[in-house]
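A.B. asks: A predicted structure for the sequence below; I have some questions about it.
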Amino acid sequence: MLRTVRVNPQTSTKDLQHDFAADGVTVYRSAIQHTLHKKMLYGRVMQRKPFLRPHHKQSRLSSAEKMIHQGSKLISSLLRLQLKTNQKHKAENYQTFF
């Protein structure tokens with residue numbers, strides 16, 4: 001039983017109960033759960049997340065567009081700043097050379 005659950009963690013207690021019944025053993029589902037819990041194997045169900053509503057989609061789209069626009073402005077300002085510092089360093093090196 002433990003090997004079956006470790007190989008396929010999505011095995012339900014009903015499946016295990018049917019496996020035991022095929023071997024001729026009658027076991028309650030609660031007994032199977034109790035044994036699995038003793039071995040620290042617990043069942044989990046994925047949490048369902050709600051779908052995005054149209055107004056949520058619109059707000060996410062507008063914020064993404066805003067970030068893209070701000071990002072392009074930031075990149076251009078950084079390039080201008082880098083260009084200015086390069087020109088300044090070239091001028092300082094030129095003056096010290098002569």
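C.D. replies: Thanks, I have it.
A.B. asks: and residue 93, what pLDDT?
C.D. replies: The model reports residue 93 with a pLDDT of 58.
A.B. asks: can you list the low-confidence ranges for the protein?
C.D. replies: 45-46, 87-98 (pLDDT under 70).
A.B. asks: the same query, at a cut-off of 80, please.
C.D. replies: By pLDDT under 80, the low-scoring segments of the chain are 44-47, 69-78, 81-98.
A.B. asks: how distant is the longest helix seen in the chain from the center of its chain?
C.D. replies: The longest helix of the chain (DSSP state H) is helix 54-97. Remark: helix 54-97 is offset 30 Å from the chain centroid, using Cα atoms, centre = their mean, to the nearest Å.
A.B. asks: how many neighbours does residue 5 have?
C.D. replies: When counting by other Cβ atoms under 10 Å, one arrives at 20 neighbours for residue 5. (Each C-beta comes from the backbone N, C-alpha and C, glycine too.)
A.B. asks: check the offset of the host helix or strand of it from the chain's centre.
C.D. replies: Using DSSP states H and E, residue 5 sits in helix 2-7. Between the centre of helix 2-7 and the centre of its chain there are 26 Å (Cα atoms, centre = their mean).
A.B. asks: buried residues, that helix. List them.
C.D. replies: residue 5 (16 or more other Cβ atoms under 10 Å).
A.B. asks: do the same with stretch 14-31
C.D. replies: So stretch 14-31, judged by 16+ other Cβ under 10 Å, has buried residues 16-17, 27.
A.B. asks: quick one: contacts of stretch 4-16?
C.D. replies: Residues outside stretch 4-16 that contact it (Cβ atoms under 8 Å, 6 or more residues apart in numbering) are 1, 19, 27, 29, 32-33, 36, 41, 43.
A.B. asks: of all those, which comes closest to residue 59?
C.D. replies: residue 43 (36.6 Å; Cβ to Cβ).
A.B. asks: helix/strand/coil for the closest one?
C.D. replies: coil (DSSP: H, G, I helix; E, B strand; the rest coil).
A.B. asks: re earlier: in strands only, show me the buried residues of stretch 14-31.
C.D. replies: Among the buried residues of stretch 14-31, no residue falls in strands (DSSP state E).
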